[in-house]
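*Asks:* Structure for the following, please:
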Amino acid sequence: MIPSERYSSLGEFLEDAFIQFKTETALIEANRKRESVRYTYREMHQQVLRVAAWMQAQGVGPESRVAIAMSNQSRWLIGATAALLRGAILVPIDYKLEGKEQLALQAHAKPALLLTEYSEWRKMGLDSPASQVLLSEAPEGMEIGAAIRWEGLEEESFEPAPKPVRVDRRREDIACIVYSSGTGGTPKGCMLSHGAYLEQYRSLTTLFPMTIGDRYFSILPTNHAIDFMCGYIGPLASGATIVHQRALRPELLAHTMKRYGITHMAVVPLILEAFERRLREKLEQATGARQAIFGGLRWLNAALTLDKPRRGLSKQLLGPIHEAFGGELKMLFSGGAFVDADRARFFYELGIPVVIGYGLTEACTVLTVNAIAPFRGDSVGAPLPGVELEIRDADPTSNVGEVWAKSPTLMSGYLDEPEQSEEVLVEGWLRTGDLGYVDPSGHLHLVGRSKNMIVTPGGKNIYPEDIEGAFEGLPCEELAVFAAGYVWPGVELTEERLFAVVREGRRGLREELRRRNRRLPDFKRIEGLLVWDEPFPRTASMKVKRALLAEQLRAQVARDRVEGI
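*Replies:* Here you go, the predicted model:
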C-alpha cells in the first residue's frame, strides 16, 4: 500500500504503483466465462504509456478535459490513467444514460477528447462535442465517423514516443469533473481535486486496507464515485487485482466470484437486496431440519462475532453460504443510497460484513463509515479521519437538523455554476441537504432530506425537476414532480418515492401520464398522482416556487391522498 501523503497528483501516485507492484496482476477482464484480458502492473503500465503517447501527440495535456463513456472494462482504467499521466481532467460519464443525455453532459463539460466504445458511440449518433474521439471495439467495416480506432494504437504501425512526458499537478488542481445528477435541468459537474482523491484514499485505507492478493470485483459503473475510488484508485495503489465482468448476469457474477476468489466488492442497496433474496429463496427450498440447523449456526456465528468479524470461523460454520459468494469474500462496501439496517445485520450474521458508508459526489466519495468491529447497522457511521460534521438549525426536541460537513475531500465547486456553488459551499462547509442527528457515540443517523431529491436503491440521484420535461404537454393546467419525503418529512429513506402534482387535469390525463411514465427508465418513474385545486405559486420569471408549494401541500393534504398510477 503506497502512502498517498507523499504525492501531489493521481498520475504520479498511480505510476509509482505500476513500478512498485510490477509483477503482480493488476487487471483481469472476463467476457461471459472466457477471460479476455489479464495484465500485470508492468503490462498495464505499457498500455497506459502507449495511450498517453497518442494523447500527447494530439495535444492533450494540463487542463485538457477527457470524457469517458464506457462500460466497466480494462480500457476505461487504461484511458483514465493515461489522461491523468498527461495532467488532464477526467470527465467520467454514466454509460447507462441515453445518448442525448451523454451528449448534453459533454456539451457542458467541453472535453477535448472522448474515450468511448462502439455501442455508446452509436447511441450518440456517431457525434460528440469533443474534437477527438478514441473508439473501442468498433467492428471492422462499420461506419465510425471521425473517430479513431483504439485497436489501431496497439498495432505495430503505430510508434509512440519512447515515453510520454508525465505532467504532475498540484494537490489543489482539478483531477475530475463528476456529474452528480441531472441532465434535463442544469447539469451539476462537481470539480474534485487531486488532493481530495489522495486524502479520500488515505482515510479509507486507514480503516479498510487492501493488499497484494486481494481481488476487487468491479460491478458498479466506474464513473460512480464509490467504484472510482474502491474499484480503480484504491486497488491499484494497494497492489490488488481489479476484476471486470463484461456481462453482469447473476449466474456470471457467481461464476466470476468463485473463479477469481473475489475478496472485496462495492454494491448499491438494490444489489444487496437481490443477494439477500436469492439466499432466502434457497433457504425456503430446504427441508425444515436444514432450516433449523442453518438458523442455529447463524445464531452461533452472530454470538461468536459480536466484537469483530472472524472470517475463518464463519466459513467453518456457514461454509455453503460463503461458497455461494466465491469462498473468499472478506467484505462488501455499500453506499450511494440508504442501506436497510436489518439487511446489513443479516449479512454480518452470515460472516459477510457490510461496510455502510454515507457520502455525496460533492464530497468525493464518503464522509462517514460504519465500523465492523463491533458491527453497527443502525447508523451511517462515524466521520472518517479528517471529516467534521455539524447539525445546523436542529429541532430542540429531536436534535434533527441539516447535516453540514467539512473535509479536505470536498469539491472545489460546480463547473461554471458559481451561484449553485455558493449555495452549498459556505465558508469551507458543505450543506449536504440531508437531515439527521449525531448520537452520543458520534455516529450519524439520517432521517430525511431538506431538498427535493431522492437517492434510488440503485444509488442514482434523481432531481424531480429533471423528470418534468417528459410530461410536457399533458392535458392539465400545471404539473410538478416531488419527492414524497420532501413534502412529508419522516418517510423512511429506503421507501422514498416520486409523485406528480397536477392542477385542472382534463380527459385522458391519467392514460397519457401512464404511457409516458412507462417510457422512462424505471428509476425515474413516478409512482403517484395528487390532484391540486389551487394555482402553483410562481416567481416573477414564472418558475414554480417548489418550497412554497411543498409547504402548502404539507399543510393541507395528507400523504395518503396521493393515488397510485
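
*Asks:* Please make it C-alpha for all contacts and neighbour counts, starting now.
*Replies:* Noted.

*Asks:* Phi and psi next, for residue 486.
*Replies:* phi -80, psi -40 (degrees, to the nearest 10).

*Asks:* burial count for it?
*Replies:* By other Cα atoms under 10 Å, the residues close to residue 486 number 23.

*Asks:* From what I see, residue 390 and residue 407 are in contact.
*Replies:* No: using Cα atoms under 8 Å, residue 390 is not in contact with residue 407, being 11.8 Å away.

*Asks:* Neighbour count for those two, which is higher?
*Replies:* Using other Cα under 10 Å as the criterion, residue 390 and residue 407 rank with residue 407 on top: 22 against 17.

*Asks:* Do a quick rundown of the strands in the stretch 201-350 of the chain.
*Replies:* Ranges of strands in the stretch 201-350 of the chain, per DSSP state E, counting those that start in this stretch, are 215-218, 241-245, 264-267, 331-334.

*Asks:* what would those look like in TSV with mean pLDDT and distance to residue 104?
*Replies:* Formatted as TSV, the strands of the stretch 201-350 of the chain follow (pLDDT from 0 to 100; distance: least, Cα to Cα, whole Å):
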stretch	mean pLDDT	distance to residue 104
strand 215-218	97	27
strand 241-245	97	28
strand 264-267	92	28
strand 331-334	90	29
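
*Asks:* Quick check: residue 524 vs residue 516, distance?
*Replies:* According to Cα to Cα, to the nearest Å, residue 524 and residue 516 sit 11 Å apart.

*Asks:* okay, those two: which has more neighbours?
*Replies:* residue 524 (20 against 13).

*Asks:* residues in contact with that one?
*Replies:* Residues near residue 524 by Cα atoms under 8 Å, 6 or more residues apart in numbering: 462, 467.

*Asks:* what's the answer for residue 544, then?
*Replies:* 536-538.

*Asks:* before we move on, what about residue 226?
*Replies:* By Cα under 8 Å, 6+ apart, residue 226 lies in contact with 266, 335-336, 365-366.

*Asks:* mind checking pLDDT for it?
*Replies:* In this prediction, residue 226 carries a pLDDT score of 89.

*Asks:* Quick check on the contacts of residue 226: which are buried?
*Replies:* 266, 335-336, 365-366 (16 or more other Cα atoms under 10 Å).

*Asks:* what about the nearest residue to residue 3 once chain neighbours are set aside, how many neighbours?
*Replies:* Nearest non-adjacent residue to residue 3, counting by Cα to Cα, 6 or more residues apart in numbering: residue 202, 7.2 Å away. A total of 18 residues lie near residue 202 under the criterion other Cα under 10 Å.

*Asks:* Quick one: the strands of the stretch 201-350 of the chain as CSV, columns for distance to residue 26 too.
*Replies:* Converted to CSV, those look like this (distance: least, Cα to Cα, whole Å):
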stretch, distance to residue 26
strand 215-218, 9
strand 241-245, 5
strand 264-267, 15
strand 331-334, 20
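
*Asks:* what about residue 425, distance to residue 371?
*Replies:* Separation of residue 425 from residue 371 (Cα to Cα) stands at 28 Å.

*Asks:* returning to what we had before: out of the contacts of residue 544, which is nearest to residue 115?
*Replies:* Within these, proximity to residue 115 (Cα to Cα) peaks at residue 538, which comes in at 42.3 Å.

*Asks:* now the residue lying closest to that closest one once chain neighbours are set aside: how far from residue 146?
*Replies:* Closest residue to residue 538 apart from its sequence neighbours, by Cα to Cα, 6+ apart: residue 544 at 4.4 Å. As for residue 544, its distance to residue 146 is 43 Å (criterion: Cα to Cα).

*Asks:* Tell me which other helices or strands the strand ranked longest in the chain touches.
*Replies:* The residue-count maximum for a strand in the chain (DSSP state E) belongs to strand 429-438. If you count contacts as 3 or more Cα pairs under 8 Å, 6 or more residues apart in numbering; DSSP states H and E, strand 429-438 packs onto strand 388-392, strand 401-406, helix 418-424, strand 444-449.

*Asks:* Buried residues, the shortest one. List them.
*Replies:* Of the residues in strand 388-392, 388-392 count as buried by neighbour count, 16+ other Cα under 10 Å.

*Asks:* Run through this protein and note the low-pLDDT ranges.
*Replies:* Counting by pLDDT under 70, the chain shows low-confidence ranges at 154-162, 181-186, 336-338, 448-461, 463, 465-466, 490-495, 539-543.

*Asks:* domains for it, by residue range?
*Replies:* As assigned by automatic domain parsing, the chain contains the domains 4-265, 268-449, 463-564.

*Asks:* hey, what's the residue nearest to residue 231 when sequence neighbours are not counted bridged with?
*Replies:* Of all residues not flanking residue 231 in the chain, residue 218 sits nearest, at 5.5 Å (Cα to Cα, 6+ apart). Counting by DSSP bridges, residue 218 forms beta bridges with residue 244.

*Asks:* all strands for the stretch 1-150 of the chain, in order.
*Replies:* Using DSSP E, counting those that start in this stretch, strands in the stretch 1-150 of the chain cover 25-31, 34-40, 65-69, 89-92, 113-117, 132-136, 148-149.

*Asks:* got those strands as a markdown table, with mean neighbour count and distance to residue 279 columns?
*Replies:* Shown next, in a markdown table, are those (neighbours: other Cα atoms under 10 Å; distance: least, Cα to Cα, whole Å):
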| stretch | mean neighbour count | distance to residue 279 |
| --- | --- | --- |
| strand 25-31 | 21 | 25 |
| strand 34-40 | 15 | 26 |
| strand 65-69 | 26 | 34 |
| strand 89-92 | 28 | 34 |
| strand 113-117 | 25 | 35 |
| strand 132-136 | 22 | 38 |
| strand 148-149 | 18 | 44 |
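
*Asks:* do you know which of those lies nearest residue 10?
*Replies:* With Cα to Cα as the measure, strand 89-92 is the member of those nearest residue 10 (10.8 Å).

*Asks:* Which strands or helices does the closest one pack on?
*Replies:* Against strand 89-92 (3+ Cα pairs under 8 Å, 6+ apart) you get strand 65-69, helix 74-85, strand 174-179.

*Asks:* Out of those, flag the one nearest residue 248.
*Replies:* helix 74-85 (15.3 Å).

*Asks:* angle of that closest one against strand 174-179?
*Replies:* Angle of helix 74-85 versus strand 174-179, following axes from the mean of the first three to the mean of the last three Cα atoms, to 10 degrees, is 130 degrees.

*Asks:* Now do the end-to-end distance for stretch 394-410.
*Replies:* For stretch 394-410, the first and last residues are 23 Å from each other (Cα to Cα).

*Asks:* ok, and what's touching it?
*Replies:* Stretch 394-410 is contacted from outside by 192, 195-197, 199-200, 362-364, 367, 386-393, 428-437, 450, using Cα under 8 Å, 6+ apart.

*Asks:* which ones are touching the most centrally placed residue in the chain?
*Replies:* Centroid check for the chain by Cα atoms, centre = their mean gives residue 224 as the closest residue, at 3.0 Å. The contact partners of residue 224, by Cα under 8 Å, 6+ apart, come to residue 94.

*Asks:* how much space between it and residue 295?
*Replies:* 36 Å.

*Asks:* before we move on, the earlier item: what does the longest strand of the chain contact?
*Replies:* Residues from elsewhere that reach strand 429-438 (Cα under 8 Å, 6+ apart): 360, 391, 399-407, 410, 423-425, 444-451.

*Asks:* What does the nearest residue in space to residue 564 that is not next to it in sequence show for phi and psi?
*Replies:* Nearest residue to residue 564, sequence neighbours excluded (Cα to Cα, 6+ apart): residue 528, at 4.4 Å. Backbone torsions of residue 528, given as degrees, to the nearest 10, read phi -150, psi 170.

*Asks:* before we move on, what about residue 137?
*Replies:* Dihedral pair for residue 137: phi 70, psi 30, per degrees, to the nearest 10.
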